[in-house]
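*Asks:* Quick one: sequence and predicted model below, then my questions.
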Amino acid sequence: MSDDIRVLIVDDQMMVREGFSVLLNAMAGIEVVGEAVDGRQAVDRVAELRPDVVLMDIRMPEMNGIEATREIVAADAEAKVLVLTTFDLDEYVYQALRAGASGFLLKDASARQLAEGVRVVASGEALLAPTVTRRLITEFSKLAHAPKPPALARIGDLTERETEVLVLVAQGLSNAEIAAHLLVAESTVKTHVSRVLVKLGLRDRTQAAVFAYEARLVTPG
């Protein structure tokens, strides 16, 4: 059985789908197993094909990428969605992350960046590089009065070190970078991250980063 990362491409533009398919199929260890033309079809195709990563456009007819992402992760907690967008300051990117996407890429990303993004998300990491995180801060600050999720009430359950790790995750640091910053083993960081997710009822690092901004653990500026 192949160990290739299985990818589903979702976009209403045929040329975009075909372009990404060619790029990704040329990369070692990645296989495009299907395509979908809108969010509704994406939900059905994910249930049928069980891809490792879904490349999801945001603006589509029938059902947009945000709603599709929400339905996909609700049906499968292990689903990995990588949002594709034309604008890195797109307000819909923030909504997609809240819906359960594991990160986002610009549509003009290079073939190498696209493949690396797929691999990062497939491995269970969040695709939130520091530059991306800084861009998103603008959206979080605009939504200062947005309703707070119930998980915020559980922030007091975190230890001081767990809170520290959560902040570093929100700043876009990897486990290895957090370990170096805190002078602890990477396995210790992984344990802290796992405990944070369990205590706060979050599914992955991306939602942890969203939580940290909404809880004002990390603030713009």
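*Replies:* Sure, I can see it.

*Asks:* Got the phi and psi for the residue nearest to Arg50 when sequence neighbours are not counted?
*Replies:* Residue nearest to Arg50 in three dimensions, not counting chain neighbours: Arg6, with 7.6 Å by CB to CB, 6 or more residues apart in numbering. All C-beta atoms are positioned from the backbone trio N, CA, C, and that covers glycine. Backbone torsions of Arg6, given as degrees, to the nearest 10, read phi -90, psi 120.

*Asks:* Am I right that Arg6 is in contact with Val46?
*Replies:* No: at 10.8 Å, Arg6 and Val46 do not qualify as touching, with contact defined as CB atoms under 8 Å.

*Asks:* Looking at the two now, which is surrounded by more residues?
*Replies:* The neighbour count for Arg6 versus Val46, taken as other CB atoms under 10 Å, is higher for Val46 (24 against 18).

*Asks:* If you count neighbours, what's buried in whichever strand or helix holds that one?
*Replies:* Using DSSP states H and E, the element containing Val46 is helix 39-49. Under the neighbour-count criterion of 16 or more other CB atoms under 10 Å, helix 39-49 has Gly39, Arg40, Gln41, Ala42, Val43, Arg45, Val46 buried.

*Asks:* for those, which one is nearest Arg216?
*Replies:* Arg216 has its nearest neighbour among these in Gly39, at 32.0 Å by CB to CB.

*Asks:* Give me the angle between the helix or strand that the helix holding Val46 is followed by and helix 39-49.
*Replies:* Where DSSP H and E defines the elements, the next helix or strand beyond helix 39-49 is strand 53-57. Here strand 53-57 runs at an angle of 170 degrees relative to helix 39-49 (axes from the mean of the first three to the mean of the last three CA atoms, to 10 degrees).

*Asks:* Contacts only, for the spatially most central residue of the chain.
*Replies:* Of all residues in the chain, the one closest to the mean position by CA atoms, centre = their mean is Ser102, 1.3 Å from it. Counting by CB atoms under 8 Å, 6 or more residues apart in numbering, Ser102 touches Lys80, Val81, Leu82, Val121, Glu125, Ala126, Leu127, Asp204, Arg205, Thr206.

*Asks:* Repeat the analysis, applying 6 Å as the threshold.
*Replies:* Ser102 sits next to Lys80, Val121, Ala126, Asp204, Thr206 when contact means CB atoms under 6 Å, 6 or more residues apart in numbering.

*Asks:* again with Gln95
*Replies:* When contacts are counted by CB under 6 Å, 6+ apart, Gln95 touches Ile66.

*Asks:* Give the other helices and strands that the biggest helix by length in the chain contacts.
*Replies:* Of all the segments of type helix in the chain, defined by DSSP state H, the longest one is helix 186-200. Using 3 or more CB pairs under 6 Å, 6 or more residues apart in numbering; DSSP states H and E as the contact test, the elements touching helix 186-200 are helix 160-170, helix 175-182.

*Asks:* could you show me where the strands are in this structure, in order?
*Replies:* 5-10, 30-36, 53-57, 81-85, 103-106 (DSSP state E).

*Asks:* As TSV, these with mean pLDDT and distance to Leu158 would be great.
*Replies:* Shown next, in TSV, are these (pLDDT from 0 to 100; distance: least, CB to CB, whole Å):
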stretch	mean pLDDT	distance to Leu158
strand 5-10	96	33
strand 30-36	96	36
strand 53-57	94	30
strand 81-85	88	26
strand 103-106	82	23
